[in-house]
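Peer 1: give me a 3D structure for the following:
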Amino acid sequence: METIKSYLETMFANMPDTPEVIRAKSELFGMMEDKYNELISEGKSENEAVGTVISEFGNLDELADTLGLNANSHEDSSKTATPDKRILTLDETRHYIRTCSKRSLLIALGVMLCIISPIFPIIGDMVDILIVENIMISLMFVTIAVAVAMFIFASTFLKDYAYIMKHTCVLDYQASQYVQNEKERMKPIYSICLAIGVLLCIVCVIPPIIMDSFNIGILEDISGALVLAICSAGVMLIVFQANAAASYRRLLSLNGITTTSGTYTNTDTDTNINSSKDYKNFEYINPTAASVMSVFWPTVSCLYLCISFLTFDWHVTWIIWLVAALIYNVLKSFLCK
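Peer 2: Below you'll find the model as predicted:
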């Protein structure tokens with residue numbers, strides 16, 4: 001019966017979410033269930049029974065009058081069944097989520113490398129040997145280069161899934177249930193990542209507070225390095241969970257809330273990717289640009305905290321936000337279509 005139920009959900013996926021359609025869907029399921037049980041009682045195998053039921057009840061055009069579907073409902077369904085409409089299968093959905101998880105981890109690691117890169121010059125300053133200082137400065141730029149390479153590589157991960165954003169897609173019943181279940185299963189993990197990430201960003205100020213009380217120069221350098229290391233770990237967790245969780249919301253938003261498919265998929269009201277400002281108004285020129293802009297504000301936040309706690313010039317560092325806002329709008333004007 002699961003196969004029949006999945007087929008029925010796909011049949012009605014793009015029908016308008018009206019009492020008339022819901023009633024017709026319920027009636028058709030009852031008819032299909034009765035026929036299936038009848039065939040099983042006659043000694044038919046499960047596959048034979050499912051095939052017979054689908055062939056007999058699988059055409060809405062022929063069943064419209066029997067189910068009492070009016071012309072408007074049937075016309076709305078025909079309009080949505082355009083050649084551009086693509087139904088995402090369970091396998092496609094699984095691969096997409098796995099790919100997004102890998103991409104999220106790569107972006108998060110890249111952000112972490114950018115944040116910890118100043119640690120090398122700090123170490124060089126502690127050693128106070130010219131050649132070591134030059135090596136450490138070189139390592140800082142190498143680390144940043146590796147991070148940029150990771151961002152570029154991560155931007156290529158979703159090229160095979162460009163149709164999800166460029167074309168009108170819907171999830172079939174099995175795929176939708178899988179995404180919902182996976183989202184609920186991963187929700188506690190992402191919540192823990194967020195909580196630990198925020199906690200690390202807050203407690204990163206403790207090392208300089210403690211070490212400054214000793215008034216020893218080398219301890220001040222160590223405290224600065226610890227701030228960057230702890231804060232980078234926190235930002236990495238925050239960026240990872242944010243990007244990974246967004247993949248579930250993006251898939252669930254594909255089934256519109258005005259169709260019957262939306263009644264069992266689009267339950268997350270806080271973020272509808274297709275209707276949110278970031279995706280509705282901003283379409284970036286390529287995936288690399290989208291990846292860069294997705295980590296812009298987390299990176300700015302981290303830089304603000306690191307610079308502020310290293311210098312304690314809070315009365316000056318707030319200017320970072322003004323400069324960041326200006327840079328963000330300039331980048332958006334160049335990177336958006």
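Peer 1: looking at the protein, which helix or strand does the model trust least?
Peer 2: Every helix and strand in the chain was compared by mean pLDDT, DSSP states H and E; the lowest is helix 277-280, with a mean of 39.
Peer 1: what is the burial count for Ala123?
Peer 2: Not Ala; residue 123 is Ile. 18 (other CB atoms under 10 Å). Every residue, glycine included, has its C-beta placed from N, CA and C.
Peer 1: Ala225 is in contact with that one, correct?
Peer 2: Yes. Counting by CB atoms under 8 Å, Ile123 touches Ala225, with 7.0 Å between them.
Peer 1: would you map the strands across the protein?
Peer 2: 86-88, 169-171 (DSSP state E).
Peer 1: in its sheet, what does the first one sit against?
Peer 2: Think strand 86-88. strand 169-171 (parallel) (DSSP bridges).
Peer 1: and the partner strand, average pLDDT?
Peer 2: Per-residue pLDDT over strand 169-171 has a mean of 76.
Peer 1: what distance separates that strand from the centre of its chain?
Peer 2: 16 Å (CA atoms, centre = their mean, to the nearest Å).
Peer 1: list the buried residues for stretch 99-113?
Peer 2: 100-101, 103-113 (16 or more other CB atoms under 10 Å).
Peer 1: from those, which is closest to Ala175?
Peer 2: Cys100 (14.5 Å; CB to CB).
Peer 1: in contact with that closest one: list those residues for me.
Peer 2: 157-158, 243-244, 246-247 (CB atoms under 8 Å, 6 or more residues apart in numbering).
Peer 1: please, a PyMOL command that selects the buried ones among the residues you listed?
Peer 2: Restricted to buried positions by 16+ other CB under 10 Å, the PyMOL selection for the contacts of Cys100 reads:
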select buried, resi 157+158+243+244+246+247
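Peer 1: a markdown table for the contacts of Cys100, including distance to Ile40 and pLDDT?
Peer 2: Listed next are the contacts of Cys100 as a markdown table, based on distance: CB to CB, whole Å; pLDDT from 0 to 100:
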| residue | distance to Ile40 | pLDDT |
| --- | --- | --- |
| Phe157 | 45 | 86 |
| Leu158 | 44 | 82 |
| Asn243 | 47 | 87 |
| Ala244 | 43 | 89 |
| Ala246 | 44 | 86 |
| Ser247 | 39 | 86 |
